[in-house]
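1. Fold the following and give me the result.
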Amino acid sequence: MVKIEKPQQCGGGPGIAYNVAKAPNKCAKPFNVGAGVPRGPGMVWALVYLAVLVWSAVKPHDYFTWFLEVAPALAGGVVLAATWRRFPLTRLAYVLILIHCIILMVGGHYTYAEVPLFNWLRDTFDMQRNNYDKIGHFAQGFVPAILAREIFIRKRVIAGRGWLNVLVVSICLAISAFYELIEWWVALFSGESAESFLGTQGYIWDTQSDMALALAGAMAALIVLGRMHDRQLQPFLAAKAGSYIL
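-> Numbering: from 1, shown residues only. Prediction:
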């Protein structure tokens, strides 16, 4: 007896994901993860990154502080350039990383205690300090949370979403704590020249508040961007499972 299979019907419309457990949809176009980042958005990303980096490097407050502040952005740029083809990220991750790099570059140019806009906010609202560094530390949790989440999900490091969130938040808090250690080590080895890098501005709870903001940023990223991130991850997960997305 010859078994006759019913032909697969094409349909579903744009943006409809087929279950990764099902057989591949022959009517759909494959999502090629190895193709890397689309050239247009990738070029825009690189141009913005380089433009802000060059601006940041022109007559900064001092080059020692500039290098210390911008070093993570430089390292991140190198890593992304080396991996954009074999492990491209979601558009959300790339946008957040670029924003974080810009925050670092602005802080490196002026130092975190002297960013003009936040000096104006301090004077206008009678604040005790320039709080631009707090924006940076919030981003220090917010952005790595999405990056860590993406790597863990795509590499299938952990199955349960509850434990995934716990692990992501813990890693972001660990990164923040380690950065505080780096600031301490720089201060020990360089003395007064590290004052601009530390940016405590006389606030005795600066270290603790920095880590608390990174923790809050990580939690906020998971709550606010989790669903959007899941949607952007679908093509990567489907391609890895041998399925496709229309």
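2. what helix or strand does T65 sit in?
-> Here T65 is covered by helix 63-83, with elements defined by DSSP states H and E.
3. got the contact list for that helix?
-> If you take C-beta atoms under 8 Å, 6 or more residues apart in numbering as the criterion, helix 63-83 is touched by 49, 53, 56-57, 60, 89, 94, 97, 100-101, 104-105, 107-109, 111-112, 186, 190, 193-194, 196-197. C-beta coordinates here come from the backbone N, C-alpha and C atoms, glycine included.
4. Can you show me the CA trace of it as CSV?
-> Below are the C-alpha coordinates for helix 63-83, written out as CSV (Å, rounded to 0.1, in the frame of the first residue of the first chain):
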residue,chain,number,x,y,z
TYR,A,63,43.5,60.9,28.4
PHE,A,64,44.2,58.7,31.4
THR,A,65,40.5,58.9,32.5
TRP,A,66,39.3,58.8,28.9
PHE,A,67,41.1,55.5,28.3
LEU,A,68,39.8,53.9,31.6
GLU,A,69,36.2,54.9,30.8
VAL,A,70,36.2,54.0,27.1
ALA,A,71,38.2,50.8,27.4
PRO,A,72,35.0,48.6,27.8
ALA,A,73,33.5,50.2,24.7
LEU,A,74,36.7,49.5,22.8
ALA,A,75,36.9,45.9,23.9
GLY,A,76,33.2,45.5,23.1
GLY,A,77,33.7,46.9,19.6
VAL,A,78,36.5,44.5,18.9
VAL,A,79,34.5,41.5,20.1
LEU,A,80,31.5,42.4,18.0
ALA,A,81,33.6,42.9,14.9
ALA,A,82,35.2,39.5,15.4
THR,A,83,31.9,37.6,16.0
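5. buried sites along that helix?
-> Across helix 63-83, burial judged by 16 or more other C-beta atoms under 10 Å covers 65-66, 68-70, 72-73, 76-77, 80.
6. before we move on, what about stretch 217-228?
-> Applying 16+ other C-beta under 10 Å to stretch 217-228 flags 217-219, 221-222, 225 as buried.
7. Give me the subset of the residues you listed lying in strands.
-> Per DSSP state E, strands hold no members of the buried residues of stretch 217-228.
8. lowest-pLDDT helix or strand in the chain?
-> Ranking every helix and strand in the chain by mean pLDDT, DSSP states H and E puts helix 195-198 at the bottom, with a mean of 56.
9. ok, A113 - how many residues close by?
-> 22 (other C-beta atoms under 10 Å).
10. What score does it have for pLDDT?
-> With respect to pLDDT, A113 scores 87.
11. That one should be in a strand, yeah?
-> No: assigned with DSSP: H, G, I helix; E, B strand; the rest coil, A113 falls outside any strand and is coil.
12. where does the chain have low pLDDT?
-> Across the chain, residues meeting the criterion (pLDDT under 70) sit at 1-38, 191-203, 241-246.
13. I'd assumed A218 was in contact with V169.
-> Yes: between V169 and A218 there is a contact under C-beta atoms under 8 Å: 4.8 Å.
14. List the residues that contact the residue nearest the centre of the chain.
-> For the chain, the residue nearest the mean C-alpha position is V143 (3.3 Å; C-alpha atoms, centre = their mean). Contacts of V143 were listed using C-beta under 8 Å, 6+ apart, and they are 96-97, 99-100, 217, 221.
15. name the element it belongs to?
-> Using DSSP H and E, the element containing V143 is helix 132-154.
16. what's the angle between the helix ranked longest in the chain and helix 132-154?
-> As assigned by DSSP state H, the longest helix anywhere in the chain is helix 206-240. Between helix 206-240 and helix 132-154, the angle comes out at 30 degrees (axes from the mean of the first three to the mean of the last three C-alpha atoms, to 10 degrees).
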